[in-house]
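A.B. asks: no letters, just coordinates:
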């Protein structure tokens, strides 16, 4: 399958995907909090949504990129076939002017219309910084964000830090076979490979080491029977040698 469709969608396809979520790495924590950012895009065509499934990995919730375009059969993605909900997400790359860092703003698919309106008025979008204001107290699910354009300048994407890749980092990039393994076992196979070594128990470890040392000492004092047989074998005339 082409990577163009693997776990991604554009604005035209947004309505064909289901749920959405919020929160993220860039956030305004309480009512009337303000920050100045640049959206790291030139036009709406640069903005990409991600179709994800949410699973638990090592005790934490993680997003996994869906394997199919909405128009393809559900059997093209094991998680879809297993009726895992498809979550439509916008992980917007923004440049925080105050901290001078690239951050990810986690938005739902309905934010597509908001950023589309901005792109229609400011082109290229990255050349206009915006003051973003939160309207809603902490924990309020009805929270909205207002964006106020500041003075447009000559800033381009090339003037800003590199945009990080999301698929394979924030969004796990799993194959059909890896998803099937997860459905059968409740974890991804590589989680075992990357697991931390078992915790040591000094008391048991010391006792086990003492037993091993005692066994090794006995082995040094008592010649193994196999060595005796080997010596006899060497003394046996060639015509009567054992066959292996």
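C.D. replies: Great, that's in hand. All figures in this text were calculated on a predicted structure; none of them were measured in a lab. Numbers count the residues shown, from 1 in each chain.

A.B. asks: every contact and neighbour count from this point should use C-alpha atoms.
C.D. replies: Fine.

A.B. asks: how long is stretch 165-176 end to end?
C.D. replies: Using CA to CA, to the nearest Å, the span of stretch 165-176 from its first residue to its last is 21 Å.

A.B. asks: list of residues touching that stretch?
C.D. replies: By CA atoms under 8 Å, 6 or more residues apart in numbering, the residues outside stretch 165-176 that reach it are 52, 62, 63, 64, 65, 67, 77, 78.

A.B. asks: do a quick rundown of the strands in this protein.
C.D. replies: Here the chain has its strands, by DSSP state E, at 8-9, 34-39, 49-57, 60-65, 87-96, 101-108, 130-135, 144-149, 171-172.

A.B. asks: want to throw those strands into JSON lines with mean neighbour count?
C.D. replies: Listed next are these as JSON lines, based on neighbours: other CA atoms under 10 Å:
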{"stretch": "strand 8-9", "mean neighbour count": "23"}
{"stretch": "strand 34-39", "mean neighbour count": "21"}
{"stretch": "strand 49-57", "mean neighbour count": "21"}
{"stretch": "strand 60-65", "mean neighbour count": "17"}
{"stretch": "strand 87-96", "mean neighbour count": "23"}
{"stretch": "strand 101-108", "mean neighbour count": "20"}
{"stretch": "strand 130-135", "mean neighbour count": "19"}
{"stretch": "strand 144-149", "mean neighbour count": "14"}
{"stretch": "strand 171-172", "mean neighbour count": "19"}
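
A.B. asks: what's the closest of those strands to residue 27?
C.D. replies: Judged by CA to CA, the one of the strands of the chain that comes nearest to residue 27 is strand 101-108, at 7.0 Å.

A.B. asks: what helices and strands are in contact with that closest one?
C.D. replies: strand 87-96 (3 or more CA pairs under 8 Å, 6 or more residues apart in numbering; DSSP states H and E).

A.B. asks: the strand it packs on vs strand 49-57, what angle?
C.D. replies: Computed with axes from the mean of the first three to the mean of the last three CA atoms, to 10 degrees, the direction of strand 87-96 lies at 100 degrees from that of strand 49-57.

A.B. asks: residues touching strand 87-96, excluding its own?
C.D. replies: Residues outside strand 87-96 that contact it (CA under 8 Å, 6+ apart): 14, 17-21, 35-40, 47-54, 101-109, 111-112, 160, 163.

A.B. asks: let's have the contacts of stretch 165-176 in JSON lines, adding pLDDT and distance to residue 148.
C.D. replies: Formatted as JSON lines, those follow (pLDDT from 0 to 100; distance: CA to CA, whole Å):
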{"residue": "52", "pLDDT": "96", "distance to residue 148": "30"}
{"residue": "62", "pLDDT": "95", "distance to residue 148": "33"}
{"residue": "63", "pLDDT": "96", "distance to residue 148": "31"}
{"residue": "64", "pLDDT": "97", "distance to residue 148": "34"}
{"residue": "65", "pLDDT": "96", "distance to residue 148": "33"}
{"residue": "67", "pLDDT": "97", "distance to residue 148": "37"}
{"residue": "77", "pLDDT": "98", "distance to residue 148": "41"}
{"residue": "78", "pLDDT": "98", "distance to residue 148": "43"}
